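When you get a sec, could you give me coordinates for this:
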Amino acid sequence: MMSGIALPSLLAAATLLWLMVVIGFCVISIVATRRLAQRTRDAARTSVVLPPIDILRPCEGTDPGLEENLLSTVTCAYPAARRVFIAVPSRRDPSAAIADRVKARAAALAPDVPVEVVVTGIESQGNRKAAQLAKVYPATTATVLVQADSDVRLDDRSLPALVTALLADDQAGLSYAPAVEVMPQTLGDRLSAALLSSSPMALVSIAALREMAGGPQLVAGALMAHRREALDAIGGFAALEPYLG
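Numbering: from 1, shown residues only. Predicted structure coming up:
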């Protein structure tokens with residue numbers, strides 16, 4: 001039988017071991033993230049000529065601030081030409097009316113940025129975002145494509161940084177921006193913000209640890225830039241329809 005003295009000692013030792021593991025993991029995460037941040041800054045300083053891009057915004061239903069999220073695709077800074085494709089599953093979907101308003105507002109705010117609303121008519125029960133992207137893809141012509149989820153709001157740094165990161169690495173088929181919650185309003189928003197930016201589960205932290213360990217490449221699909229040749233090599237967005245996550 002375990003004595004009354006041995007049990008507290010065992011719990012104390014287990015707690016100390018757990019704390020040492022947690023502290024060690026956090027230190028490794030911080031070091032890895034600093035290295036990744038430095039490499040990213042170095043890549044951002046690489047001088048590249050940014051090409052024309054096509055931007056795909058798949059929508060279904062409504063998100064808070066959807067209209068402004070979509071409009072940011074037109075109003076954010078980018079030093080080269082861009083075309084915007086807003087994909088909606090049907091004319092009955094609530095996102096369709098919002099997409100039409102964005103197209104009308106974009107014509108007044110940025111007449112040099114064409115906006116097209118594409119009714120995809122998808123019936124897929126798998127990855128519906130990939131299904132919508134697959135329907136829009138044949139209408140695109142740019143060598144670099146950007147996809148952004150409907151809850152993503154772009155700022156003036158988003159597109160230049162994303163495309164520069166892609167072109168700075170000749171071997172890269174894609175680049176991505178980890179999701180960050182901004183202006184959290186609900187409890188769910190705040191929990192998401194804490195998880196995605198202030199915990200070991202933050203996508204930046206996971207990406208940094210992957211790079212340090214040499215593990216499989218992390219991909220976050222909320223905001224990504226693709227080389228067309230890389231997409232074509234895997235069969236385009238249609239090849240991703242069977243996968244969720």
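
Which residue ranges of this structure form helices?
6-44, 66-75, 94-109, 128-136, 158-167, 187-197, 203-213, 228-233 (DSSP state H).

Redo the ones you listed as TSV? Include mean pLDDT, mean neighbour count and distance to residue 88.
Backbone N, C-alpha and C define where each C-beta goes, glycine included. Converted to TSV, those look like this (pLDDT from 0 to 100; neighbours: other Cβ atoms under 10 Å; distance: least, Cβ to Cβ, whole Å):
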stretch	mean pLDDT	mean neighbour count	distance to residue 88
helix 6-44	81	12	34
helix 66-75	96	21	11
helix 94-109	96	17	4
helix 128-136	95	23	8
helix 158-167	92	20	22
helix 187-197	77	14	25
helix 203-213	77	18	27
helix 228-233	95	14	22
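
how about these in JSON lines, adding distance to residue 220?
Converted to JSON lines, the helices of the chain look like this (distance: least, Cβ to Cβ, whole Å):
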{"stretch": "helix 6-44", "distance to residue 220": "14"}
{"stretch": "helix 66-75", "distance to residue 220": "17"}
{"stretch": "helix 94-109", "distance to residue 220": "22"}
{"stretch": "helix 128-136", "distance to residue 220": "13"}
{"stretch": "helix 158-167", "distance to residue 220": "12"}
{"stretch": "helix 187-197", "distance to residue 220": "10"}
{"stretch": "helix 203-213", "distance to residue 220": "5"}
{"stretch": "helix 228-233", "distance to residue 220": "17"}
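
Which of these sits closest to residue 243?
Closest to residue 243 of the helices of the chain is helix 128-136 (Cβ to Cβ; 7.5 Å).

Keeping just the C-alphas, turn the closest one into PDB.
This file holds the C-alpha atoms of helix 128-136, laid out as PDB (Å, rounded to 0.1, in the frame of the first residue of the first chain):
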ATOM      1  CA  ARG A 128     -17.900  23.000 -50.900                       C
ATOM      2  CA  LYS A 129     -15.200  25.700 -50.900                       C
ATOM      3  CA  ALA A 130     -12.900  23.600 -53.100                       C
ATOM      4  CA  ALA A 131     -16.000  22.900 -55.300                       C
ATOM      5  CA  GLN A 132     -16.700  26.600 -55.800                       C
ATOM      6  CA  LEU A 133     -13.000  27.300 -56.500                       C
ATOM      7  CA  ALA A 134     -13.000  24.500 -59.100                       C
ATOM      8  CA  LYS A 135     -15.900  26.100 -60.900                       C
ATOM      9  CA  VAL A 136     -14.300  29.500 -61.100                       C
END
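
Residues in contact with it: which ones?
56, 58, 60, 85, 87, 89, 118, 120-122, 124, 147, 149, 221, 236-238, 240-241, 243 (Cβ atoms under 8 Å, 6 or more residues apart in numbering).

do the same with stretch 73-82
By Cβ under 8 Å, 6+ apart, stretch 73-82 touches 50-55, 57, 84, 102, 106, 109-110, 112-113, 115, 148, 154-160.

and that stretch, which residues are buried?
Across stretch 73-82, burial judged by 16 or more other Cβ atoms under 10 Å covers 73-74, 76, 78, 82.

That stretch: end-to-end distance?
Start and end residues of stretch 73-82 are separated by 9 Å (Cα to Cα, to the nearest Å).
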